[in-house]
Structure formats: structure tokens, C-alpha cells
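J.: Take this sequence and fold it.
(chains A and B)
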Protein chains: 2
Amino acid sequence: MSSTEIQEWKITERKWNKQSLGKDETLFTLANGHLGLRGDFDEPQPAFHRGTYINGFFEKEPIVYGEIAYGYAENHETILNLPDPKQVRLFVNNEEFRLDTVRILSYNRCLDMKEGLLVRNVEAMLPNGCRIGLKSRRLVSFVRTTIGALEYQCTLLDSPGGMPVSIRLESPLEALASNRKAEKDPRVGSKFSRHPYKVVLLEAHQDRSRLAVDTHKSALAAVLDLRYHLVPQNTLSLSFKASDESAQYSWAGTMNVGESFTFYKYFSYASGSSSEIEALKNQNESMLDAAFQAGFSVLVQEQHDFLKAFWAVADVQIEGDPEIQQAIRFNIFHILQSSGRDGKTSIAAKGLTGEGYEGHYFWDTEIYVCPLFTYTQPEIARSLLEYRYSILDRARKRAQVMAEKGALFPWRTIDGEETSAYYPAGTAQYHINADIVYAMEKYCQASGDRQFLFHKAADVAVETARLWLSLGHFGADGLFRIDCVTGPDEYTALVNNNAYTNLMARNNLRFALDTLGLMKQAAPADYKALLVRLNLDESELELWKRAAEAMYVPFDPKTGIYPQDDSFMAKEPWPFESTPRDKYPLLLHFHPLVIYRHQVLKQPDLVLAQFLLSEQFSLAEKIRNYRFYEKLTTGDSSLSHCIQSIMAAEIGDSEKAYDYFLKTVRMDLDDVHGNSSDGIHTAAMAGSWLSVIYGFAGFRDRRHVDSDICYSFNPRLPSQWKRLVFSLQLEGRTLRVDLGRYAVQYSLLRSTEQNSSDVPKPLTFLHRNQSITLYEGDAVTVSLKPVLRAVVFDLDGVITDTARLHYTAWKQLADEHGWIFDEKLNEALKGVSRLGSLEIILRHNSIRLSHQQKHELAERKNAYYMKLLDNLGPQDILSGIQNLLLELGKRGIKRIIASASRNAPRIIEQLGLGPVPGTYFEGIVNPDTVCCGKPDPELFLRATELAKVSPHDCIGIEDAQVGIDAIKAAGMKAIGIGHNLNGADIRIHDTSELSVELLERLIQDGGFRGKD
Amino acid sequence: MSSTEIQEWKITERKWNKQSLGKDETLFTLANGHLGLRGDFDEPQPAFHRGTYINGFFEKEPIVYGEIAYGYAENHETILNLPDPKQVRLFVNNEEFRLDTVRILSYNRCLDMKEGLLVRNVEAMLPNGCRIGLKSRRLVSFVRTTIGALEYQCTLLDSPGGMPVSIRLESPLEALASNRKAEKDPRVGSKFSRHPYKVVLLEAHQDRSRLAVDTHKSALAAVLDLRYHLVPQNTLSLSFKASDESAQYSWAGTMNVGESFTFYKYFSYASGSSSEIEALKNQNESMLDAAFQAGFSVLVQEQHDFLKAFWAVADVQIEGDPEIQQAIRFNIFHILQSSGRDGKTSIAAKGLTGEGYEGHYFWDTEIYVCPLFTYTQPEIARSLLEYRYSILDRARKRAQVMAEKGALFPWRTIDGEETSAYYPAGTAQYHINADIVYAMEKYCQASGDRQFLFHKAADVAVETARLWLSLGHFGADGLFRIDCVTGPDEYTALVNNNAYTNLMARNNLRFALDTLGLMKQAAPADYKALLVRLNLDESELELWKRAAEAMYVPFDPKTGIYPQDDSFMAKEPWPFESTPRDKYPLLLHFHPLVIYRHQVLKQPDLVLAQFLLSEQFSLAEKIRNYRFYEKLTTGDSSLSHCIQSIMAAEIGDSEKAYDYFLKTVRMDLDDVHGNSSDGIHTAAMAGSWLSVIYGFAGFRDRRHVDSDICYSFNPRLPSQWKRLVFSLQLEGRTLRVDLGRYAVQYSLLRSTEQNSSDVPKPLTFLHRNQSITLYEGDAVTVSLKPVLRAVVFDLDGVITDTARLHYTAWKQLADEHGWIFDEKLNEALKGVSRLGSLEIILRHNSIRLSHQQKHELAERKNAYYMKLLDNLGPQDILSGIQNLLLELGKRGIKRIIASASRNAPRIIEQLGLGPVPGTYFEGIVNPDTVCCGKPDPELFLRATELAKVSPHDCIGIEDAQVGIDAIKAAGMKAIGIGHNLNGADIRIHDTSELSVELLERLIQDGGFRGKD
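T.: Got it, this is the predicted structure:
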């Protein structure tokens, strides 16, 4: 937003801009989860698209298909733009005030996120020479969900010759509002074949008016009541009239220079089923009257109080970057504004700011938005999840249509009916069922809400578990497979065994089993009732258990990659080099058949799974898979970047982490995708919160199998920031995290509403690998400075020079076969496994051998080598190493060997440095436990696991480039011995240069590059 | 058709039936490939749907999608029902003649397939007591493509009191005809948002009228000219009038009992582009005038002459089943009526008999219909293929939209534009490109038409070869893969490496290469012109060659099955047991997602590939794959049965072959699918011809790599038939095949239009494995009686009793491990491979071992066994065997060993029956060359290949049930030695009962079952 200034709590516009009108209307939207008013001006013109929405208020329209098939979604559902209650028209000397015709003398419009108000101050000269001042304040009440109000103050500042002027203020109410015609293409134009609702009532009285509308097909009614109030009361005289389609109020009179008046409009917008319209009218009238009685200033005060309480928990403070500070608050504020809180509605993809995605609810709510509320406003999280429970019966019916058991939740919907008109990227996204259950699991864990767990989450978990069992099947190999699905990445569709889906389905099954297990033990009556209610036999549970245990997750042991699905690795790579920038997003420029048959991603869903099910993957796997999929990802989905930011942070790539975060956090403020005029991107907004909390603060909330601790932090403050402060609600307590550059403080706040009878219960969590326990009122500060805790040594060329012996052994083998092999080629073998080395030599000599033959040759070389080893002894320890090992040992710094060589234990023994663990070493990584060799970081990460320390606190010492690469990929400091080693933090010529002091300095100061 | 009688050349209706009105209108359609008139009555009522169609005359309408994406087909194309030129209305004493109100005294309606006429004779009493006789004849001229004519004769037979009556004959022409509203479902209702054409001209003159219409969007115009003629001329007086929407002619007067008149209507219906309408009008008028001058009887004579020539080549005579005889002629006749012959049109799925499938052309033409014309009317085949050439430019454009190179033909179309609104079963069926090329290859081979080959087929082959190269890719393993396609079987979609597609694509590439190779050598100038025209570089050819050579075809070596695609074998089997009959066809009762994720077929496309590319598969592979896929096939596609019939015939399952044939051959006559009222099933009709020629006559037309001979026959006359006679056009000659129960006669007819300068060229083809060469005028008769040519022996239990030794060896191994093993379990090992036997024992003992361990144990058992073999000698030959072998040898009957044992050669040596080939045996099948053991027939079929004889002429001798099963599956006679052997043709107790006489008797008489 070019003309807004950066303020921490405000979005302020100093100049209105025709070009950005649509986007600004979106940004300045006021809403409360029920009612949303786009930020169009008080006056009807100029406007991009005036919008008034009620969450979940929509019309159905039959979907027309080019070719229909059984079970296709039957209806479109589209959120309706409703009659606009807020507009006013001002005429001075019969000339209308319009921002696009007046000369603006001063202008200020501000969305105040602390106060929940949209405030505008304008001073302007009309073409007829009258100068007026307008001050308006607008609100949509967080406290009274149907209520909105406008304060509109007008002052005549000057007039031609200082003469009195005629003034007319109009408050029009047009009953037939229209949705935007979304697309240029006539084939996808307006979905409605007729106006989507009918006006059933339109009344105008002296000081109030009323409108009621009713949809044709979805049987929803909305009632709008309005009350008007002018101060001072008798300045202008009122006239009003109503027709079938509008109610017009008009106050007219004369005004002298310096005089002013203030116009108040209060309105209440209720909705419900058409059959309840009478009750709705009564309730709405009382709601409005109560608000009117309270008056504008009370509404303002309520708004302030509500937000004060909200921000006390939900605020995220960022020091060091005001733009980011503003953006993250803006995002949190809009998420709050967008979220249904009545258990019957959820969060539309565009919130209540526009009609994009037709007001539908997707999986975005559960995977992207719910965590924010789960950890800051658990009651909103519960409400969102109750919405899903409320459509469980619909999901059961949908499962039947789809020939499945249990419940199948719709991919996109408002009222629970599947409305996706393209099933390969709709119904086929079965994963939404597991996503919903995942969010419920998270909410129940963080809130401890057993009521919800036993009575609602359990039902959903059971019915979705049933779905998975009927959707998948046990293959001939006994593994449980799920075929013909689409994962979150919509650039492949209808695949078998999408890894994300299968992993999340397994989680779904396990959660169902765990929940029922817990109920059986903790609430046997509830458990029995559930068995009856769901007609559930315990033999079914056995089947779920079998399926969960046998769940097939594609994994390629050669590369250590989890393929996105069964066929992904064999697909043709997308020709990124020959795809010009203007061909993105691909989906707008290539037929689905073209996209689907290539290795190309809209978002990396396997990486998402590694985030959501963090505990099931090693860091090495996360690094490897993140890197692999990043290269194939277009990021054409707005859901992609926040997850990539989080995982980049986890794997220690702080630059990427921040880059991706920047693409997410100001997506709408800066209109990154160019479509903010259609509404905000709620998932990306919530995603920016995820990036901060899960990415930069390194929060994780998944319990490891072998641990009782659910929560952990591994902070990685971006170098651009000074400080990050936020709070999380954990099992009813508030944990405040204050993260600085060099230290982090964790405080468990005192509950304000302490239940005195409760025994104080501590909260335990991990900071990196360190367990911290806090009681209420406690705080603990932990230094973030790295401390040298372990040194990881390569063997060959670092501890001893077996490289020579290897060379001799390979040479002997090569000579026997007449292969070319020399010292130069030998360089390429450094750090490479035995079989890998053989393959390098064979490739160099263009020789093809069978698997069997290769193994035999590798064995033979090893025999030669073993023979050479017999002569190895303490005299072969490289200079300075023995002393370094002893010094490190004295200081309690762990010493680990990470070598690709299977002979490492034997060599250590021969050198007299054994046994292990012992005087010289705490451990040797067994290369057989490692999937991928260097430059993959797995060997080194395994070493840090052996040492039980964080990679930040480790140094690796290597003499090979692949080793240095592996150390850096592991997030450790690297010391390189020898020449031409790129990326080492320190380079030395010789092991004699190594000393504990050098290592300590490197950890503390970050190292320096060697001379060559 | 309940009320039609079976006549060989006629379809006759003795009673009209309200229930079958729609179907009968379809069956009685007259058409000539250009103009089609449904068989509705001469009078407008009663009617199911009156239809008048011009091939390729259609209107476009934008497709509406629920959700659109880039590159989707843009328009529907729908063949138009045009104004009906044929109807007449008759009023007697002002009462209208309608078949549903009169009392019918006699009725006869007949489609005469020899004459090309629809004839109706009715005598009826009107409610007012007038009795009249009506005789009408109708034709659509095969000779004059735009011309149709009606003769309508009316006689007053009686009237109340014998009084004269008033007569009025009307000939109405309604300008605005309508298509049927196809579906009940409103979402798929009429595709037209307005009437699809406008009337541009409607004129009525004394004796002629004219109508011209023009479509809105597809820019096609049609002109209809009509001329009327009444005999005797002045009986009735004419009046006529024309309005904007109709032209009415009326002849009125009085008539006495016994008097009659005849009304003639001649019409010409031409079509072309809107811009040519003036020329069209002139041409059409001349066409009509010429027909009118010729008169009705000349038109009738022309029709007769045309069909006489047609049937002389195209007729298929079947003796022994009049229903089938009638049906096959009916099918051939309708195919002729349906086929465009102008190079600009093809064959709609419903011909010109209805609006089903919107008049679109599919792959059906090339794969199902073309062969009929290629071998009986090559000029029609050429015309159909020229249509494809005519849309090549469109196909090039479509390829561009789809980001591919070359040309991509539309899945369904009229004018060449892709119109499939569901791409997974539309554009994704890339195989259509290879299908078109396949049909061109077949046509060019059979006709020797190098003009077409070098100038049209070559271009299509090049552009489609380019498509395959850009669509597929070379995988990491170097194999060429084609991902994300749908094969002919639409019950799986968007799969990787559909075997049918890859096989046919390979054929496409090879044909392109062969054609260019031939051109380069035989027509270098044409070749150079092509390189320039298509901007073709010879390096491209290298790439095609590489792709063809490296084409990946899924194959499962464990089962010997060619999986339909990469993921097919791992899918969940369809629950056939729990699917009630009324849930078929599945596509009307299950969502595509449900169908796609299961192992279930609409039609077995791998089996189709094994038919089309017959030379690339062994008989054993065909048997195995046919059986495997048959179990998974619903036959929900009308294209399925004829192919299953052909392949059942090839593998020797004559019952299935006939069953499937019956489902195809009378599909429309008996309204098997219940939808013949929508039009005929052209592909199934042509498929019935394929079933006769390729199935029962066993015709094949694919050259083997190692042979120069293109054509072969392997006749298998159904036991229900006495005789089958048909002719094929082969390279300009006519080969007549006269197939009886016991012999077949092949005659090469003398050309009527012999080019005297030609050196007579013989025709060589195979009868089974026997090569036959005929000169024109030659005939040869071959006996079909089986002759004993080879005996195939199992080893263990037939030649010698090594079963004992095996038992001892297994027992030794089992005892060492403490496994249960006894004689009963040993029975299960008979005929089973070594590893297979071990697995049976392990399974019995519930023991799991690694692959490695199993191999070791199998080796150990073999070592024990080999040791036992050392003692084997001539004394161990079973009784009677040595003598039998010698006797067979004397008579030149081959003797082959087919044993799963790798020790067979050694045993034969030990027994003194070696060496092989030698005194006792001509061959031993090497089990390592066989993919599947018994009961798969492969071992025995390999034996017949070694012996170079047909399985019909072979006997197999076995002592194990799996062996008997294998022999029978191979199509051989089986002798079983021992008890409880089901399926053996003869069972004996002991080898001493074997004799040459017994074997000869078995081959000649078919054998008898043993006593137990």
C-alpha cells in the first residue's frame, strides 16, 4: 500500500488512490466473524466493489457440467453480497460530495487494530466552492455480533461569500445488492441464473427501517434493522419513503459556516433459516435497540475492551522491523475478524472481505488458521472445530454417495455439501478428513478439553477412520495402500499413495485409537455410549490398528527421499529453464494433463507433512527432502511459502526462512499476488503467524513416542530482528516467550482467574534438548550463545592418513584389471563409501558390472586394505590429534567419529585410541545406520545425536569437500584441512594447527576463512 | 425385434409396435453416408423421433464447465436434425390416416438390403369406415449422394355404402426441426441455448420447393430441393403456400372405390460452407432435376446395381444359423449406410440413425470399422482416412495448445476441433493418434496405395511420431515412458504407461520410420519434398528410433501378465461378489474416483493390443492375459465383446468366442443395451464382422519380423455353423474363403478388370503354419481334420518315475529341519518347479525365509536329488514308453519333453534316451525360457513351437493335474496317467496302456474319459 505509513497498531492511508481502491477496500474491511463490511467509503462513489457479507449466508445454484457423471457435486454455493447498511450521501448546495470530484485539502483514513475502528478525516473543497470537514468512525462490534454502527460528522468550514448553504444528507438502502461478476470468460461468468434472493420485507418508519431477504434455494433469511439519529436533532428536517426495492431517508436544511452536525446510524444484521424469520426479526430488533440505547461511545468502549483482552494474549511483538511488526498484527487482526465464533460457521478463504472462492471453507482453516486460535483463543478454535462436527451427518451422506464407509468431508463448502465442480482437485483431496482430525487433536492436546474430545472429536475420528479403511486396502504385500487421491499439492492429481495423505491418514487412525483407548479407561460410560451411538464394534479398532501399522509410505532408500506418491520419481522433470516467468502460475497457462505428468509442485506437501508430523522424521530427512522438493516447487499456491519458511528455519537455512516469510507476511498489505482486491488470503495471513511461532521461535507441539513432553522450542531469531515476544495458551496457562539475540526468557504467567482449589501444576517443555519446568509465576532465561559441546571428526585424513592405504588398495585392484586409476581420480573418492568409490572408478573407465560383481570387487579391495591396516599403529596418528582429543575430553567436550568407513572401529583400535567409548572417543557413527553418505548431512547429524547435543554447539573437522558440505548442511561449524575446500568456516593446512582454543573461538566468533 | 421374421436379405416387420417404435425407426433407417433418414413412418404420426441427418452437419455451442481450466475443449458440436423432406399426410373424408387410429388389416414393412429400399404395404380401415391400401417405397441413393425419393401409392378399397370419398394428400415441409432433448437431468439438458440454425430461404412453386438453412456458429449451410409428381396427373387438384417456417402442398379431390393414385417425391439435400450457398443451390437443383428426369424406377435400378456390386465382395455367408446370417448382413449394410465417402466426413458413433454421441467421430472408425472397408471396399477406407488427413492442421493446433509438438487428434469431433468436455476420458486418450496411424498402415498394406502412403499417411505418421516424442520422456533407466494418459479402457484414467498406448505408440513410431525409409529408397523426390514440407531433420528420426527401441511396456515377470499400466496390479480388486446386477454399467452408479481406484475394466485394452499387434505376443501370453483380464472386465463398453470373441477364438475357447459374438452381432436387432432407439452401435456392428473374419476365420494381417508373409488364416468354425464364405480384397485381388466343417477352400478370383500388361503376381499367405501360394484363378482346399504330428511328454511319472527320487530328496531336507512332509503333501508338488515346491512345503509348515535362504535350500534339495539320480538307468524307463517313442519316430511324429525340471536333459541321458535331438526325442523345452510354469500352458506351447506344429495336432501326456490343465489350456488333447485327473481326454492307469493307435484315435475322434 504505497500511501500508507508504517505504524505498529494502525494501517493509515494519507491519500486515496484510484488504482488501489479495490485492494484498500479489502484491507480496511471491518468484520467480527459474523458480519463483514468491506472498506468502501461512507459515500457510494467512488468504489471498486461495495461489499456486505454475513458468514455462511449463501445461495445454491446447480452446477452445469460439460459432461456429468455419477456422484458429482450438485450445487455451487456462493456467499451473497447483501444490501449495504452503511452508506450515506451528502449534498452541499445540491452538489454531491464525492472523493473523486472534490479537491482534497487533507485526508486521513486509519484502521485502528487496537480500537477496532475505521476512522476517516477529510477536509475538501467542493467544485461549487464549499469547504467542508468530514469525520467518520465505523465499527462492527466484536461484542454484539449482529451490530455495526457509523458516526458521520460534517462541518461547513467555508462557503462562497460565507453564505449559508443548503445541506442534504441521504441514507439510502438498496435492497438488491449484487455479487461481482468474477471472470471475464463468459463460460465461467456469474453462477446465478436469477437474482439470488428475494426481498420479503422492506419497511421505513420515522427513525428506523427494516429489510428482510430470503434465498430461493438454500432457505436462508437475513434481517437488517437500522436506526438513525442526528445531532443536534432539529437542525435538518427528515423525509423518508420506501419502495419495493429501496428505503430512502433524507435530512435537509440550511447551514452556516462553522456549523456542524453528526449523523449516527446503528444496524443489526441477523441471519438464520427461512423458517425462523419471525423469531429472527424479534431478536434482531432487540439487539439493535439495546445497541442504540447504549450509544456509540459505549460500543467504542466495548470494542476497546474486547481487543485489549485479545491482544494481551494474541499479540506478537517484533523489534527491529516496523513493517513486519505492523504486518503480523494486521494479519492476526484480520484472522480474528474473519473467524466464525458460533460453531456453525468457519473461516472463508477470503474471510469476510470479498467473494473470492465464493466464501467457501477449505482445509486452510484446520491446517493454517486453527493453531493461531488453539494457542491464543482456544474457544475460537473450538468453535471452528464444532462447525466441522455440525456437518458430520452431511459428511456421512457424502461417504455413502462415494461408496465409502464412515464420513467424507467436503473439499469446499459452506453448509457441508460438497461443492467442488472439479473432483480431481476436489473430492479426491481426501486428506481434508485427516486434516480436520489433526486440528482437533492439536486443540484437544493444548486445551485439555475432554468434553470436546470425548463427545465430538471422538465421533469425527471414528467416522474418518472408517473412511480410510474403506478407501484404502491391504495390498498383496500386506501394506495398507490408498489409491487414486490428490494430495495438497494440486499439480499432481489422482495418484496412488500420496505420502502426505497416507501419513496423515495414519495419524488419523492412531488418534482415533488413542482417543478410544483413553475414553475406555478414563470415561467408560462415555465410551460405551459412543460404541452404541456409532454402532462400533471393537473388532473395527483392530482393523484400524492393523492399517496404521501397515500404512505404506513411499520411500526411496537409494536417495533417502520420500516420493510424493508412487509414480512421482519416474515422472519427467518440469522444464523450468524453458518456462518464462509470465507462464506462472502454471495452472493458468498449461492444461492439467501437461502439469500432472511432470515433476512440478504447487506446494511441497511432503515437506508440509514433515512439519505437521515433525516427530516422525529425522533432521537429516527433513534437510534432504526440503532441498529436493524446493527445486521442484513453483510456489504457485499462497499456502506454500509459510511452510517452506518454517522448514527452512528448522534445517538452519535462515536466509531462505526469512525470504519465504517475507513473501507471506505482507501478501495482502503489499498485494503480492495482485488479487487482494478480491479479498485477503487468510491462510497466508495465519501462515505468517505459523512462520513466526513454529519457524523463528522453533515451537513444536508433537509428542515423541519416547517422551511425555509435548512442547519444545528451538529459537532461531532472524538476524534482521532484535526481539520477538509472544504468548501461547498451554493447557489453560499462558507461556510468555521473550526471545532476544543472545537469550530467551520463558515465563509462565499467573492465571488471573486462579481456581484456588487446584494444586499448582507445572509446565514442562524442551528448549532445544534441554527440559525446562515452570510453575505459575516462574521465569527462566536461557542463553542462546553457542557453546562447544562436541567435535565430530572425519577419520581418514583427520585422525590418521589411511587415505594413502586406500589409494594403495584401489591401485592394486585397478592394476589387476588394467583400469586407469591415479592420484587425481583418488581425490574424488575422499569421504565416499566403498561401493561409491568403486562406482566412480568404474564410471571413469566406462565399465559396467552387475550388482553382484561390484560387491565382490569392493570386498576384494577391502581385503587388500585390511591387510595394509595390519601395519597401522599409534605412530600413524596425525600430528596434534591425540593431544586435542585429551584436552577436549578434560573439558567434557564430546568427541565423535563420523566416517563412511566400516573399518573405523578397527582403525581406532589399531591406532591405540580405543576402546570406544573410552579415553579418546565417546562414539563412532555406524555407517550402516545411515541412509545417505556425505555430502548428505546424515552422518554428522547422527554424530550429534550420539553426543546428545545440538548441531549449533558442534564443530566438524574434515579434509574432503563432500565432508565440509555435509557439516555445513548439518548446521555445524566446519574446519577444513587441506586445499580447495569451499564453505569451511576455518581452513588449516595441517592437523597440528588444531587446538581447543581455535575451536572455542570458532564456536563463539563464527570463524574465519583460511588463506587459500 | 419381436415382430420381424428372419430373412437372410431382409428385415421385415409384420406388425408395428408402439413399444419398439424408437428402435424400429433406428433399424429401418435409410442412408448413404451423406444423408440419413430415420425409419419413421411416411406419415408424421405416430413417431418416436423423426430424424433427418447430413453427415458432418452440426452446430457448435460453448461448453459450460463447473470449473474451467486452461486448454479445455471450448465447444460442443452436435449433429443437427434437419427438416424432414419425406413426410406425407393423407386425409380420407377429412379423417387423417394414422397407424395408431386405423384398424390394420394387413401390414408389412421391409428393409431390403439387396435392393436398398424401405417398402411398406398396409391395408387398413379408417374409423370412418373407409378401407384403403397404401404401398410405399423409399430410398436414399447410393449413387447420387444428395438424392432421396419416395413413392406413395394409395388405393381406395372400400367406403361406407361404396360412395365416393373426398381425398386430400398433403406434403408439409417444416423448416425448424429439433434435436431430441437427450437427458432427463436438467444439468445435461439441451446443449443449445437457441435454435441451432436459421432459415435463409423457403420457396414454394408449382411443382418444386426449396429450403436453405444456415447455422449460427459453425458456418454450415444446407439446401433442400424437392419436386412433386402425382400419377395420374389430374385426379387431384393442387394448392400450395409458403410461410416463414413451412411450405405446404396439398392435393385434393374425390375418389371412387377401386381407384388409386401414386405420389412421388424427389429431394436433394446438399450441404457446404455458408459462404458457398449460391453454388450449393445451383448444384443441388441440377442434381434434383437429373434424378427427377431419371424417374423412380431408374433410381431403384441404380440402387440395385450398386448393392449387387457391393455384396459381391462384402457379403459374408453363414450357413447353419439364419438369425446370424441376417444379422451380419444387417450390420454390414448399416455400416455402408453410415460411412462418409467424400474424404471430409467419417462415421459417427450412431451412423446417420440418431443423435446419440452427438454425431461425433471417435477412434471406433479406425479400429473397428476401417478393416471391413480395407478388405472389401478399399476406396471407402481411403476416404475415411482422408478425413483424418483433412483435419491434420487442426490437430497440429491442438498439440500446440496442449504444449506438445506434432499433431494431437481430437478424441471426439466432427470438424476436427476437440469437443470432449471431460478430458480424463477425452484428450487424455492420446492413443487415438496411434489408432489412426494403425488404420492407415493396414489400409496401405492391404491396398498397396502408395499415393496415399507417401502423401498423406506419411504426414500423419510424422506428426504423430513427434507427438509421442514430446509427450513421453526417457526415464532414468533409459526407457521411454508415457505418463498421465487414459487407455481405451475408461475405467482407469490418467495412468502412467498404459500398455496399450505404449505398444501402439511404438507401432506408430516404427510405421513412421518404415514409411520414411521406404520413401527415401523408392520415391526420393517425394521424400525430399516431405522433409521440406514438414521441416523434418533426419536427426529426429534417430530419436524416434531410440524411443521405439526403448519403449517401456509394463510386464510382470512373476505372473507373466502385462499390467494395464504401472499401477494396475497394486490396485484393489473390484468387489464383484457384492455388486448387484442393477449396478451395471458401473459408470452410472459409481463416482469415477471409486471406479478408477479399483481393478475393474470397461474393456480389456491389453487384450485389444494383443489382437491388433498379434505378432508381438506368444500364444501363451495371449492365453494368460486374456484369462486374467476377462475376470476383471464388466463389458460395460459395447466395444468389448467383439474383441473378447476374437481372442477367445484365438486361444481355442470356442464357447466363449461364440458367446461374446452373440452379444455383439445382434446388439441392435435385439436391442441388447436397450438404447437402440438412440441409434445403432456402429462399432459393435463392424465388430461383429471382425469377430467372423479375425475370430472364426482366424485371419491375421500383421507381418512377423522374420517373415515376408502378411496374411494368415487359422480357421475355427463355430460348431453351430455349417459353412462360412467371405471374400477379402488383398493388394487388388479378391481372395474367397469357403470354410466348412472339415475343409477350407481358398480361391484367388480372376480380376474382372485385368491389366493385361501386368505380370501375374501370386498371393502367398499362411494356413496355420502352412504357406500357400495362389495365382489368379487358382483354388486350393485344405483339410481341417487334426493329424497327429507331435506328442509332448511330461518327464517325471511319464518317462520315468523320478517322483520317488524327488520325494526322497525333499523328505531328507524336511527331516533335517523338522518340517512336516509326507506323501500327501508330495502330491501337491507334482509338476511344480523346484522353488515352487519348496514354497509349498514352507507354507504348509508356516515358515518364512528370505529369498536367499530359499535359494540355498532349493539348491541343497537338488544336490540330494542329483545324488539319487546317479543310480538312474534304462531299467527305470516306465513300461511301454521306449517302444512308443520308437513307433512315433517311425511315423515322423515329433516327440518333445515338456518338464519343469532343469535336470531333464541329464535324466534323459541317464535313461539312455539321449542325445536330444536323436533317436528318441526331437527336443526338450528349456524351462528357463518359460515365464510361467504349469498349469500355465506355456511349457506345452513352447513344445509345439519346437516341433513346429499346431496345438490342434498335438497330444500331451501328463501324470499331474497342473499338467493336464496346462495341456488343455494350450488347446491340445490330453492323456492323463493316474487317478483324479480332471479334464484329461483319456485317462489311463499306467504307461503300458499307451500306443500309437490310442493316440491316433484320440486325435481323430476326440477321446474318451477314463474310468475313475
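J.: For residue A:370, see how far away the most centrally placed residue in chain A is.
T.: For chain A, the residue sitting closest to the mean C-alpha position, by Cα atoms, centre = their mean, is residue A:687 at 3.1 Å. For residue A:687, the distance to residue A:370 (Cβ to Cβ, to the nearest Å) stands at 12 Å. Just so you know, the C-beta spots here come from the backbone N, C-alpha and C atoms, and that holds for glycine as well.
J.: Test my guess that residue A:374 contacts residue A:449.
T.: No - assessed by Cβ atoms under 8 Å, residue A:374 is found out of contact with residue A:449, at 10.2 Å.
J.: Give me the common contacts of those two.
T.: With contacts taken as Cβ atoms under 8 Å, 6 or more residues apart in numbering or on different chains, residue A:374 and residue A:449 have residue A:443 as neighbours in common.
J.: Please give the number of neighbouring residues around residue A:556.
T.: Residues lying near residue A:556 (other Cβ atoms under 10 Å in any protein chain shown) number 13.
J.: And residue A:236, by the same measure?
T.: When neighbours are defined as other Cβ under 10 Å, residue A:236 has 18 of them.
J.: wouldn't it be in contact with residue A:170 here?
T.: No - with contact defined as Cβ under 8 Å, residue A:236 does not reach residue A:170; the gap is 11.0 Å.
J.: Overlap in contacts, the two.
T.: Both residue A:236 and residue A:170 are in contact with residue A:251, where contact means Cβ under 8 Å, 6+ apart.
J.: Most proximal residue of the stretch 201-350 of chain A with respect to chain B?
T.: Proximity of the stretch 201-350 of chain A to chain B (Cβ to the nearest Cβ) peaks at residue A:217, 13.3 Å away.
J.: Need the three-state assignment for that residue.
T.: coil (DSSP: H, G, I helix; E, B strand; the rest coil).
J.: for it, what are its contacts?
T.: Neighbouring residues of residue A:217 by Cβ under 8 Å, 6+ apart: A:59-61, A:75.
J.: can you map out the strands along the stretch 51-200 of chain A?
T.: Assigned by DSSP state E, counting those that start in this stretch, the strands in the stretch 51-200 of chain A fall at A:52-54, A:58-62, A:75-79, A:89-92, A:95-96, A:103-112, A:117-125, A:131-140, A:147-158, A:165-174, A:197-204.
J.: among these, which is nearest residue A:984?
T.: strand A:103-112 (50.4 Å; Cβ to Cβ).
J.: Pairing partners for the closest one, with directions?
T.: Here strand A:103-112 is paired, per DSSP bridges, with strand A:10-13 (antiparallel), strand A:117-125 (antiparallel).
J.: and the last one with strand A:131-140, angle?
T.: Angle, strand A:117-125 to strand A:131-140, by axes from the mean of the first three to the mean of the last three Cα atoms, to 10 degrees: 170 degrees.
J.: what about dumping the CA coordinates of strand A:117-125 to PDB?
T.: C-alpha atoms of strand A:117-125 as PDB (Å, rounded to 0.1, in the frame of the first residue of the first chain):
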ATOM      1  CA  LEU A 117     -12.400   1.200  14.400                       C
ATOM      2  CA  LEU A 118     -12.200   2.500  10.900                       C
ATOM      3  CA  VAL A 119     -11.700   6.300  11.100                       C
ATOM      4  CA  ARG A 120     -11.600   8.800   8.300                       C
ATOM      5  CA  ASN A 121     -10.900  12.600   8.400                       C
ATOM      6  CA  VAL A 122     -11.300  14.600   5.300                       C
ATOM      7  CA  GLU A 123     -11.200  18.300   4.500                       C
ATOM      8  CA  ALA A 124     -12.200  19.100   1.000                       C
ATOM      9  CA  MET A 125     -13.400  21.800  -1.300                       C
END
